[in-house]
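> One predicted model, sequence on top.
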Amino acid sequence: MDHQAKKLEELVEKNSRKKSKKTRFVAITSGKGGVGKSTISSNLAYYLSQNGLNVGIFDADIGLANLDVMFNVKIKKNILHVLKGEASVTDILVPITRNLILIPGESGDEILKYSNQTLFERFMQEAQILDKLDLMIIDTGAGIGEHIQMFLEAADDIVVVTVPDPAAITDAYATIKSIATYRDDIGMILNMVKSEKEAQNIFNKIKKVAQANIGTQLNLELIGKIENDTKVSSSIKQRELFTKNYPNAACTKDIAKIAQKIAGKLERNVLVESDESGLSGLFKRLMSHF
């Protein structure tokens, strides 16, 4: 077992000894589409689940929802069907592995249309089946739309994904600037880079501009990079996960380092009531913004 996986298992074991748990919500977003956000979300969720965490992945990338493609599964209904009373929570959940559940989502504005109905209360009750989740990854849409902001504001951690492309970097900066209006801590992942050095150089430039224009209070952190690798693109074409197909590849080791940083933040979670857990916990947070 490599060093990252061993450290991750130790963190998981320590966390699982607590009497109760709070689900940590991690939103993965981007300034524009096509930067690999969903690829990172799905592989990160899978890697964390394989190392002992109970993980849910919520597909909030409405219109471009493609986590079903990433996991090679078929989705018939989503959260909106539950809120309309056309399905139960268990009907829509898609088990990917023993510790990983895919939750097909809907946009924030659609969800809110049903927030004051009796059906919503039933939904919250049913959603308690996911209260044992250690971590929920929210794969948001790209950009700074209102319904995307809703998910970002509900998250414990926000991670912005970008690539070494001027337009993508500009859009990532615009996203960071928007997020900085309501929080100071933002993570970044540099995808499709040639090397650690390239990732660090791009990040340093973004951070310098951000601190000059947004303010020095902004805590922008590079939580990892993923090097350009044909194993990633070939896995996507085959509708498979590169972390599963190539467990010893450099791209999987990059995901392992990111996973370790995210799992480490679970240590900050304190003993809380069950309403801070799972899908019901996420929706209580979403409702609190309105």
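That came through, no problem. Owing to the predicted nature of the structure, the values given are computational and were not obtained by experimental measurement.
> can we go C-alpha only for contacts and neighbour counts from here?
Noted.
> Run through the protein and note the low-pLDDT ranges.
Low-confidence segments of the chain (pLDDT under 70): 1-21, 62-65, 107-109, 111-112, 114-117, 267-275, 289-290.
> residue ranges of the helices in it, please?
For the chain, helices defined by DSSP state H occupy the ranges 3-16, 37-50, 67-71, 79-83, 89-92, 108-112, 118-126, 146-154, 166-179, 196-213, 230-237, 242-245, 250-264, 278-288.
> any chance of these in JSON lines, plus distance to Arg98 and mean neighbour count?
Shown next, in JSON lines, are the helices of the chain (distance: least, CA to CA, whole Å; neighbours: other CA atoms under 10 Å):
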{"stretch": "helix 3-16", "distance to Arg98": "16", "mean neighbour count": "16"}
{"stretch": "helix 37-50", "distance to Arg98": "8", "mean neighbour count": "23"}
{"stretch": "helix 67-71", "distance to Arg98": "14", "mean neighbour count": "19"}
{"stretch": "helix 79-83", "distance to Arg98": "21", "mean neighbour count": "22"}
{"stretch": "helix 89-92", "distance to Arg98": "15", "mean neighbour count": "18"}
{"stretch": "helix 108-112", "distance to Arg98": "28", "mean neighbour count": "16"}
{"stretch": "helix 118-126", "distance to Arg98": "20", "mean neighbour count": "16"}
{"stretch": "helix 146-154", "distance to Arg98": "26", "mean neighbour count": "20"}
{"stretch": "helix 166-179", "distance to Arg98": "34", "mean neighbour count": "19"}
{"stretch": "helix 196-213", "distance to Arg98": "33", "mean neighbour count": "15"}
{"stretch": "helix 230-237", "distance to Arg98": "21", "mean neighbour count": "16"}
{"stretch": "helix 242-245", "distance to Arg98": "14", "mean neighbour count": "19"}
{"stretch": "helix 250-264", "distance to Arg98": "18", "mean neighbour count": "20"}
{"stretch": "helix 278-288", "distance to Arg98": "16", "mean neighbour count": "20"}
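> thought Gln217 was touching Asp184?
Yes - counting by CA atoms under 8 Å, Asp184 is a contact partner of Gln217 at 6.6 Å.
> more neighbours, the two?
Neighbours per residue, other CA atoms under 10 Å: of Gln217 and Asp184, the larger number sits with Asp184, 15 against 11.
> State the distance from that one to Gly34.
Separation of Asp184 from Gly34 (CA to CA, to the nearest Å): 26 Å.
> now do Asn72
19 Å.
> what does Asn78 give?
For Asn78 relative to Gly34 (CA to CA), the value is 23 Å.
> what's near enough to touch Phe71?
42, 96, 239-241 (CA atoms under 8 Å, 6 or more residues apart in numbering).
> so which two of those are the farthest from each other?
Ile96 and Arg239 (13.2 Å; CA to CA).
> can you give me the end-to-end distance of stretch 23-39?
22 Å.
> Which of the residues in it are classified as buried?
If you call a residue buried by 16 or more other CA atoms under 10 Å, then stretch 23-39 has these buried ones: 23-33, 35-39.
> tell me the contacts of the residue of the chain most remote from its centre?
What lies farthest from the middle of the chain is Thr118; by CA atoms, centre = their mean that is 29.2 Å. By CA under 8 Å, 6+ apart, no residues touch Thr118.
> who does the most centrally placed residue in the chain bridge with?
Closest residue to the average C-alpha location of the chain: Ile137 at 3.1 Å, with CA atoms, centre = their mean. Counting by DSSP bridges, Ile137 is bridged to Val26, Ile57.
> Run through the residues that contact it.
25-28, 41, 45, 55-58.
> returning to that earlier point: with distance to Leu190 as extra columns, can I get the helices of the chain in JSON lines?
Below are these laid out as JSON lines (distance: least, CA to CA, whole Å):
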{"stretch": "helix 3-16", "distance to Leu190": "19"}
{"stretch": "helix 37-50", "distance to Leu190": "10"}
{"stretch": "helix 67-71", "distance to Leu190": "20"}
{"stretch": "helix 79-83", "distance to Leu190": "31"}
{"stretch": "helix 89-92", "distance to Leu190": "32"}
{"stretch": "helix 108-112", "distance to Leu190": "27"}
{"stretch": "helix 118-126", "distance to Leu190": "36"}
{"stretch": "helix 146-154", "distance to Leu190": "19"}
{"stretch": "helix 166-179", "distance to Leu190": "10"}
{"stretch": "helix 196-213", "distance to Leu190": "6"}
{"stretch": "helix 230-237", "distance to Leu190": "15"}
{"stretch": "helix 242-245", "distance to Leu190": "17"}
{"stretch": "helix 250-264", "distance to Leu190": "11"}
{"stretch": "helix 278-288", "distance to Leu190": "27"}
